[in-house]
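Undergrad: Make a model of this:
(2 chains)
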Amino acid sequence: MRWPRFFSKKRGHRHTGSREWGSIAEGLFYAALLLGGLIFGGLLVSGVAAYAPADPGRVVLQRGYDWWMWVLTLVIPLALVAFGGSGLGKVIRMWGKSDERRAASAGFPEFLDTLGHPPHEAPGHPGVPACENLVNSPGNVLRYRLPIESPENWTLLGFGMFALLWNAVVVVLAAGAGANIRRGNPDWFLLALLIPFVAVGVGGVILFVRAVVLAASVGPTQIEISDHPLVPGQRYDVLLGQGGSGLFKSIELRLELEEQATFCQGTDTRTERLVVWRDAAGSWSRVQAVPGGRFEAHVEITIPDQAMHSFNSPHNSVHWRLVVRGSPDRWPPFTRVFPLVVFPAGRNAGATPHAPQGGKGVE
Amino acid sequence: MMGVSDAGFSPEGSFQAGASPSFPAPTLRFLLQFDRVSRIYEPLESITVRYEVAGAEAASMRALERSILWYTEGKGEEDIGVHFFERIADASDLPQVLPQGFFSNRLPASPLSYEGVIVKVRWCVRLRVFFEAGRDFVSEHVFSLGRIPPIRQATGGERL
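TA: Residues are numbered from 1 along each chain as shown, chains lettered A, B, ... in the order given. I've put the predicted structure just below:
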């Protein structure tokens, strides 16, 4: 084992640094956490009672804790012990083992290692994501209704959380300023500070309300499909339903293949997404939903023969999805994403059928 | 007919744990043969691999690891999935697998080999020899599971 270098290089997968020294450093880190947790917890527990120096058998001061107070007090040391102990155990268990042996011997301690845990897989298809969550909702016309994965929902949630938290701070500040004014001692600095805070708070509420109105006015988008999971080379019926009372300048439905890679850049963890293949399943312009109803369109999609199946691993994935892009006449454009799972074609393809749960199957 | 892969390594890229100048590893070579010249296998098919470790004394080897696995390449961090793993470290078993031997296994249904833009999935056979001196020497031989063309050559739709 070579002595560690102060500087080391990384060339692709090769490091000039020693793996053994890296494991030793990692083990020391976890051991320090474990030791810290034990010492911290020990001090807390041993400090419950104080004894008279002259008479070590006599308690002169005793700390009275309820059980919940014990839980609160010991949360941090117990977390340190659990984190350090599991990490140290993992380092010891993996010491001197090859990458293949480590990957092959996934066992008990891996449940603590959530970052390295493999995603939920389809039975009999390693690396292919399970699709239970995509087939538990029956459609009205076709077999399944696909769940939506809309970035707008996260935007809406983000605006709502920001408006709520920011205005909570404003209320606290305003209450303090109001109390000062009632006492006849107004704090002018606090009042001046309140003005930009209130402005930002009102802006946050406006953004949130605008996002809610946008989501509500455009109307819901629904996709139903004749079968799931999909298999390369097969055709599937798709029903697009778009609610909303206004006019849409255009609505597009696309079948897309997206790659996603998660990587470390310095101390940051970044995720890059790239659509590498796309097929226009349908396109409609000047769409007006019937009053009290919705716009509906039937299309047929084909997963190309020899296409890659859905793939999911901790840092890399390949996703299939249906994407609806709409341009309402009086509102900004929207994008709504409906994930699909494509199984590999082959002898075992489509071997995990899912029974429909109600609905009006009309295939 | 077996596909032949001469997996000799240069000193720069051979060692996982670093090499000392006195170590005879630059002369070490793996000769590996797949039971299919094209090295293209269908899901759930069997694969058979014959190998020979040349250039080192069998007595200096203390363990052998044979594995069939997939790993990812591309922009993301590397993920690895081991389909088959076997470690032979018992002194009585080593003469049967070193310096030459073979093994076979049935391949899984997925993931298929894939040549994407920022995500790639590769299947390989890895042989890793551990020496008494404490070093290990790894040899990797890529094959293809399935016949998915690279995404750059995909037909239909719009490649981006």
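Undergrad: pLDDT value on the residue of the stretch 151-300 of chain A found nearest chain B, please?
TA: The nearest approach of the stretch 151-300 of chain A to chain B comes at A:Ala261, 3.1 Å away (Cβ to the nearest Cβ). C-beta here means a position set from N, CA and C on the backbone, and glycine is covered the same way. In the prediction, the pLDDT value recorded for A:Ala261 is 96.
Undergrad: A helix includes it, no?
TA: No: read with DSSP: H, G, I helix; E, B strand; the rest coil, A:Ala261 is strand and lies in no helix.
Undergrad: ok, the residue nearest to it when sequence neighbours are not counted to A:Ala199 distance?
TA: By the measure of Cβ to Cβ, 6 or more residues apart in numbering or on different chains, the closest residue to A:Ala261 outside its immediate chain neighbours is B:Gly76, 3.1 Å from it. Applying Cβ to Cβ, to the nearest Å, the value for B:Gly76 to A:Ala199 is 42 Å.
Undergrad: which of those two has more neighbours?
TA: B:Gly76 (24 against 11; other Cβ atoms under 10 Å in any protein chain shown).
Undergrad: Could I get the contacting residues of the more buried one?
TA: Applying Cβ atoms under 8 Å, 6 or more residues apart in numbering or on different chains to B:Gly76 gives the contacts A:260-263, A:272, A:315-316, B:118-119.
Undergrad: I'd like these as TSV, with distance to A:Leu214 and neighbour count appended.
TA: Converted to TSV, the contacts of B:Gly76 look like this (distance: Cβ to Cβ, whole Å; neighbours: other Cβ atoms under 10 Å in any protein chain shown):
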residue	distance to A:Leu214	neighbour count
A:Gln260	27	19
A:Ala261	31	22
A:Thr262	30	17
A:Phe263	34	17
A:Glu272	28	14
A:His315	34	21
A:Asn316	34	28
B:Ile118	32	18
B:Val119	34	28
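Undergrad: thought the residue of the stretch 151-300 of chain A closest to chain B was touching A:Ser313?
TA: No: using Cβ atoms under 8 Å as the test, A:Ala261 is too far from A:Ser313 to be in contact (10.3 Å).
Undergrad: what mean pLDDT does stretch A:336-356 have?
TA: 67.
Undergrad: of all the contacts of B:Gly76, which comes closest to A:Gly89?
TA: A:His315 (23.7 Å; Cβ to Cβ).
Undergrad: correct me, but the closest one touches B:Thr72?
TA: Yes: A:His315 lies in contact with B:Thr72 (Cβ under 8 Å); the separation is 7.1 Å.
Undergrad: Touching both of those two, which residues are there?
TA: Counting by Cβ under 8 Å, 6+ apart, the contacts common to A:His315 and B:Thr72 are B:78-79.
Undergrad: helix or strand right after the helix-or-strand element of chain B with minimal mean pLDDT?
TA: None of the helices or strands of chain B scores lower by mean pLDDT, DSSP states H and E than strand B:3-6, at a mean of 43. Per DSSP states H and E, strand B:3-6 leads on to strand B:29-34 as the next helix or strand towards the C-terminus.
Undergrad: helices and strands around that following strand, which ones?
TA: Where contact means 3 or more Cβ pairs under 8 Å, 6 or more residues apart in numbering or on different chains; DSSP states H and E, strand B:29-34 is packed against strand B:3-6, strand B:46-54, strand B:119-131, strand B:136-145.
Undergrad: Repeat the analysis, applying 6 Å as the threshold.
TA: Using 3 or more Cβ pairs under 6 Å, 6 or more residues apart in numbering or on different chains; DSSP states H and E, the elements in contact with strand B:29-34 are strand B:3-6, strand B:46-54.
Undergrad: The helix or strand that comes right after it near chain A anywhere?
TA: Downstream of strand B:29-34, the first helix or strand assigned by DSSP H and E is strand B:40-41. No: contact between strand B:40-41 and chain A is absent, the nearest approach being 11.2 Å (criterion: Cβ under 6 Å from any Cβ of the partner chain).
Undergrad: In the sheet, which strands lie alongside the lengthiest strand in chain A, parallel or antiparallel?
TA: Secondary structure of chain A per DSSP state E: the longest strand is strand A:268-288. Paired strands of strand A:268-288, with direction, are strand A:247-265 (antiparallel), strand B:158-159 (antiparallel) (DSSP bridges).
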